[in-house]
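Student: Next input, structure requested:
(3 chains)
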Amino acid sequence: MLTKLFLLIGITLMYSTPLIFGGLGGVISERSGVINIGIEGMMTIGAFVGACVGYYTENPWLGLLAAGAAGGLIALLHAVASITFKADQTISGIAINLLGSGVSLFLCRLFFEGATMSKPVPHKLPKIFGSHVSNNLLKNINVDVTVVLALVCAILLWFVLYKTKWGLRIRSVGEHPAAADTLGINVTLTRYVCVILSGVFAGVGGASMTLAIISNFTPTAISGQGFIALAAVIFGKWSPHGVYGACILFGFAQALTVLLGGGNFVVPSEILSMLPYILTIVILILFVGKSSAPKADGVPYEKGSR
Amino acid sequence: MEIGSGYAVQMRGITKKFGSFCALDHIDVDIKKGTIHAMLGENGAGKSTLMNVLYGLYQSDEGEIYLEGQKVNMKNPNVAIAHGIGMVHQHFMLVDNFTVTQNIILGNEITSGAGVINMKKAREEIIKTIEKYGLSVDPDAKIEDISVGMQQRVEILKALYRGANLLILDEPTAVLTPQEIEDLIKIMNNLIKDGKTIIIITHKLKEIKESADVCTIIRRGKYIDTVDVKKVKEEELATMMVGHAVNLVVDKTEATPKDVVFEIDNLTVLDERKIPAVKNLSLKIRKGEIVGIAGIDGNGQKELVEAITNLTKVAGGTIKINGVEVQNTSPKNTIDNKIATIHEDRQRRGLVLNYTVAHNMVIEKFKEEPFSKKGFLNEKEIVEHSKQMIKEYDIRPDNCELQPVRGLSGGNQQKVIIAREVANDPDLLIAVQPTRGLDVGAIEYVHKTLIRERDKGKAVLLISFELDEVMNVSDTIAVIYDGKIVKSFKQGTVDENTIGLLMAGGKDDAKNS
Amino acid sequence: MQKIANILKKQITSTIIAIIFGFIVAAIILAATGYSPADAFTAMFEGIFSRPKYISNVIIKSTPIILTGLSVAFAFKTGLFNMGAEGQYIMSSVFATIVGIKLDLPPVLQIPMVILAGVFAGAVYGAVVGYLKARFGIHEVITSIMLNWVALYFSNFIVSLKTFHQPNSTATFTVNESSFTTILHKWKVSPEGIAWLKEHPTIMDVLLKTDVNIGIIVAIIMVIVISILLNRTTKGYELKAVGFNKDAAEFAGINVKKNILHSMIIAGAIAGLAGALSVTGVQPHRISTMAAFENYGFNGLSVALIAANSPIGCLFAGLLFAGLLYGGQSIQSTIGAPSEVINIMIGTIVFFVALTRIVPVLADKLAKRGEKHAH
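Tutor: Model (predicted):
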């Protein structure tokens, strides 16, 4: 029984980790007032760059760093479009998604002899109890180090947003940029930093897929996680802890699906697979409340407008 | 005048263009230390732009700014703040879901190393300032939960917290009750005593007379004059502001009210938080009568309008027009029962900004013939109708029927709404804050239209936060406080102070009712 | 100056600028990775235009994305973001397939039944999103994302069922031939048909080697119908009013919730039409197990964006998109450069569509400056 429970926890954490990174990216961007529906594309880039660098350097940590950098770089495009050019943030985000998968696959073919799958990395990111665990219980919750990293990032982001001056400023820019501007806070710079950071988070999230959960990049390594992370941002009411909870819940539903599907359960696996998605909708119906989106979310800041 | 250190601010030749539009044309202003200096002008005259230049929000194309005799390059608000300038904007620059303290320290946080905010110390500091100048506010309250008057004090605190010696107040009394205005003037005097300088931007003549020492008049981006307030009359100021003589009194004849056409009985409406905002309110309006509701924002006016227009359900009571109950039906039913509404938020509720003027004119009638037939729009009829309206109501530009209404000025947008609502030939015309943000000419127009409709025998309900407007236009003045009509008066039987006191929840000591 | 400004203000100008940027960026990427952009684009254009068969294939491939694009564009015009076109497409193809397999009537009845089944499924699926938004205020993007996945697994579930599953495959049975909307599908493989076609090689190239079907005609009709609906009818007036400003619409007596629901039903039906026409018109006339989305709906999103949400624009954007995707395959087969350069190109175009939305604003400024100089 305990073994099963630990297994459930382990799988829950595994599934939720990339989502948490993506969700945190969404939080920081939207808290500063820039809608980021390009998380999916940023995660895809991160997934590829992470696997590719991890393969060639044989060092998964370098891969993770590079993934973050690559995510940040593509996020910069989104920042330029939505902040400097005041472009439609939804369209720009969709473009980022298209570019993310296009660039990843293009580069993959270049670096891996025309294949759309990268070769497995020689070393994956470590597990929290190391690679030689014989105890069955421990084995089940011997999760990837990225699981811990995701938790640390969530706590850190929470602390920064609610306890520090930077957080106060970021939130003010997302709620009332004109007010922030009159107090000498640089709205443009703040938003740039936040959007780029959101790309870094998303990139790391993508790499947590290809450097920890699986060991290579495939065209379907990132398929929808970015969008689910986006849903988690809304569901989690734009707060790091809310998003963390939402992603864990989603991961839990996925884990249930896996565990129930493994046995001789009467429900077909295809129906079980729908569970996390239907559950999310049901929860939204039950707990729908006043929207707490940052007031200036998605609104380009024009000096002199109120 | 010489540049000298006796002046808090001296501006020389300030010119600011937006594209080809010259908002400020070589303006010179001198503001003496320790005075209350008013900047008077109509909406769009350029007074706010000038102050935004002073505060570093806009950069002037030409001209210099001297602070106490020193030339300063105001390249952004940080420079202004560093030089002790603080600005209280007309639309408060406050983050709604932050606390008072958070709003005050934003951008200038007290930290205990590593960027972590030291809330305790910040709070203590703020309480000190609050006590020094008598600015009572709760430092831990959220902005969305406090009154407008308090929010204004938070804005003043923000400036003082940053060490402001010169305070710019943009339209500071626009939303205050007479009592709150008195408090504000007290606070301003406290500040002056402490050696600070205050600039108030306003288009209200009365408050200049009440509070300011000196007044500079600006018209269409040009400097007109600077006068000693004690030595001029309100009418003179008005003439200088508008450029021609204006009639400050609303022209109207005695009302000749007839039968009751609209009746609210024991109405209770809950707000978004499910707390009663309108409490057992009763009200009657007769044909040929303007009933004005005076009150401070947030005393149930919004919910009252939403209930009448069926944007919200009522928790109890009835709303009857021509004897028919309309509460708890639909907005469509309200319109069908000949209630027309000029909503306070014309851009959110009144217009579809991306639609053309012509399409906006028929938004309540597009399904009726001749504007459509069998589900298809009849564009020709729609355009014809709107051409006629544009002519009748003098909407400008005069060939705007196919332009998006977004491109019209605020006054003309309001005219589109008025034209549409009045053309519905309603039995009850509701006007909520109908002159907000409009210039003098447009305000006059709106008031005249309301009175003309009254004279045609319509019932008119005017709801406004501008006490002057309610007092001047209405035949009956009803004071709303805490969701109830606390008292009604016939026009001319009551003075402003009595009403002001009732609006603020004071007991009725009026002898005349 | 004024003339230039007027040209710049046209939507089409922004779009063309965006497309040019797409080509430039693709050229730079190709050149940087050691391929000749000229060769690549030549290969691509030859892959689109050099044979009637290719042109025909582009048109066939454009049909579903014109329709999903139209679905997204329509929803956009009414203020809704239909991320769910993907799921609506899938649901439609599932129900079209079910009816196509289980029902076998004469084509005059069978084809409408199959297509209606698909359209209905798409409409219902869209209605769910609309209902959840109107009734509970849940953002349509979230529900759409979730429902897309539900549709994918539902489709896989149907494929796995015994009554539909073709043994030793990952797909269902094909639908009954009476459901086919392929043009002359029987005649063209009959002896006399082949004999005739042999004498007309161009027609043979198109008719025999591609699945020429009625889809594109239906798509064009739908484009026109939706244009009229949006611009000429009271329903369109209502829907757009709600989209532009639901508060004002509500205040003017328009039922906002009902219109949200209607809008999503129509959008779902259009996306559904795409799914059903794919099953009836194109081989293999069945559905298969999916590991990931096939992107018919998501591509519709790009089509709508490139078309600036104009229904007519969707027609051309859909053709462009299909041309790039189809012709792009030739880049890989001819010069060996990864065909994903096309995806980058499409991404770039959409990105610049976002950026060039400000061109009209700039044009206004330009015009004003011109005025000032003139005086």
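
Student: Name the next helix or strand downstream of the helix ranked longest in chain A, please.
Tutor: In chain A, ranked by residue count with DSSP state H as the criterion, the top helix is helix A:2-31. Heading C-terminal from helix A:2-31, the first helix or strand you meet, by DSSP states H and E, is helix A:39-57.

Student: quick one: low-confidence parts of the stretch 51-200 of chain B?
Tutor: Along the stretch 51-200 of chain B, segments meeting pLDDT under 70 span B:175.

Student: which stretches of it form helices?
Tutor: If DSSP state H, counting those that start in this stretch is used as the criterion, the helices of the stretch 51-200 of chain B fall at B:77-82, B:100-105, B:119-133, B:148-161, B:178-193.

Student: Closest residue of the stretch 251-400 of chain B to chain C?
Tutor: When scored by Cβ to the nearest Cβ, the stretch 251-400 of chain B has B:K332 as its residue closest to chain C, at 3.5 Å. Backbone N, C-alpha and C define where each C-beta goes, glycine included.

Student: Student question: in chain A, what's the helix or strand with minimum average pLDDT?
Tutor: Ranking every helix and strand in chain A by mean pLDDT, DSSP states H and E puts helix A:136-140 at the bottom, with a mean of 80.

Student: Show me what it is packed against.
Tutor: The contact analysis (3 or more Cβ pairs under 8 Å, 6 or more residues apart in numbering or on different chains; DSSP states H and E) places helix A:136-140 against helix A:2-31.

Student: Could you check how many residues crowd around residue 69?
Tutor: Just going to use chain A. If you count neighbours by other Cβ atoms under 10 Å in any protein chain shown, A:A69 ends up with 16.

Student: I was thinking of chain C, sorry if that wasn't clear
Tutor: Neighbour count of C:G69, defined by other Cβ under 10 Å: 36.

Student: pLDDT of the longest helix of chain A, averaged?
Tutor: The average pLDDT for helix A:2-31 rounds to 94.

Student: Same question for stretch C:122-136.
Tutor: In this model, stretch C:122-136 has a mean pLDDT of 95.

Student: which outside residues touch that stretch?
Tutor: For stretch C:122-136, the surrounding residues in contact (Cβ atoms under 8 Å, 6 or more residues apart in numbering or on different chains) are A:281, A:284-285, A:288, C:80, C:82, C:84, C:87-89, C:91-92, C:138-140, C:143-144, C:147, C:151, C:256-258, C:260-273, C:275-276.

Student: where's that stretch relative to the chain centroid, distance-wise?
Tutor: Stretch C:122-136 sits 21 Å away from the centroid of its parent chain (Cα atoms, centre = their mean, to the nearest Å).

Student: from memory B:A478 sits against B:I290, does it?
Tutor: No - here B:A478 does not reach B:I290: they are 11.0 Å apart, not a contact under Cβ atoms under 8 Å.

Student: Who has more neighbours out of those two?
Tutor: Between B:A478 and B:I290, B:I290 has the larger neighbour count (other Cβ under 10 Å), namely 27 against 23.

Student: Would you mind checking the average pLDDT for the strand or helix carrying that one?
Tutor: B:I290 belongs to strand B:289-294 when assigned by DSSP H and E. Averaged over strand B:289-294, pLDDT sits at 95.

Student: for stretch A:142-162, same thing?
Tutor: 95.

Student: Please apply the same query to stretch C:323-336.
Tutor: 92.

Student: which ones are touching the residue in the stretch 51-200 of chain B positioned nearest to chain C?
Tutor: Nearest to chain C in the stretch 51-200 of chain B, going by Cβ to the nearest Cβ, is B:D61, at a distance of 13.6 Å. Contact analysis of B:D61 by Cβ under 8 Å, 6+ apart lists B:T15, B:K16, B:K17.

Student: now the second one, which residues is it bridged with?
Tutor: Going back to what we said before, that points to B:K16. For B:K16, the beta-bridge partners are B:L24 (DSSP bridges).

Student: how many other residues sit next to it?
Tutor: Other residues lying near B:K16 total 22 when counted by other Cβ under 10 Å.

Student: go on, the first one?
Tutor: As a burial measure, the neighbour count of B:T15 was computed by other Cβ under 10 Å and equals 16.

Student: can you list the domains in chain B?
Tutor: Per automatic domain parsing, the structural domains of chain B span B:7-242, B:260-503.

Student: start to end distance for the shortest one?
Tutor: The first and final residues of domain B:7-242 sit 28 Å from each other (Cα to Cα, to the nearest Å).

Student: In terms of helices and strands, where is residue 67?
Tutor: Went with chain A since none was named. Using DSSP H and E, A:A67 falls within helix A:60-79.

Student: hmm, I had chain C in mind actually
Tutor: Using DSSP H and E, C:L67 sits within helix C:52-77.

Student: Let me know the next secondary structure element after that helix.
Tutor: Once helix C:52-77 ends, the next helix or strand along the chain (criterion: DSSP H and E) is helix C:85-102.

Student: Tell me the buried residues in that next one?
Tutor: Across helix C:85-102, burial judged by 16 or more other Cβ atoms under 10 Å in any protein chain shown covers C:85-101.

Student: what comes up buried for the helix or strand following it?
Tutor: For helix C:85-102, the following helix or strand on the C-terminal side (DSSP H and E) is helix C:107-136. Across helix C:107-136, burial judged by 16+ other Cβ under 10 Å covers C:110-111, C:113-134.

Student: and if you look at stretch A:46-61?
Tutor: A:46-56, A:59-60.

Student: about what we covered before: make TSV out of the domains of chain B and add distance to C:K61.
Tutor: Formatted as TSV, the domains of chain B follow (distance: least, Cβ to Cβ, whole Å):
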stretch	distance to C:K61
domain B:7-242	47
domain B:260-503	34
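
Student: quick one: average pLDDT of the helix or strand where B:K279 lies?
Tutor: Per DSSP H and E, B:K279 falls inside strand B:276-286. The average of the pLDDT scores along strand B:276-286 is 94.

Student: Just give the nearest non-adjacent residue to C:F351, would you?
Tutor: Leaving aside its chain neighbours, C:F351 sits nearest to A:A95 (3.6 Å; criterion: Cβ to Cβ, 6 or more residues apart in numbering or on different chains).

Student: so who does C:F316 touch?
Tutor: Contact analysis of C:F316 by Cβ under 8 Å, 6+ apart lists C:A307.

Student: Sketch out the low-pLDDT regions of chain C for me.
Tutor: Scanning chain C with the threshold set as pLDDT under 70 gives C:1-2, C:358-375.

Student: Just want the most central residue of it.
Tutor: The centre of chain C sits closest to C:I65, judged by Cα atoms, centre = their mean, with a distance of 1.6 Å.
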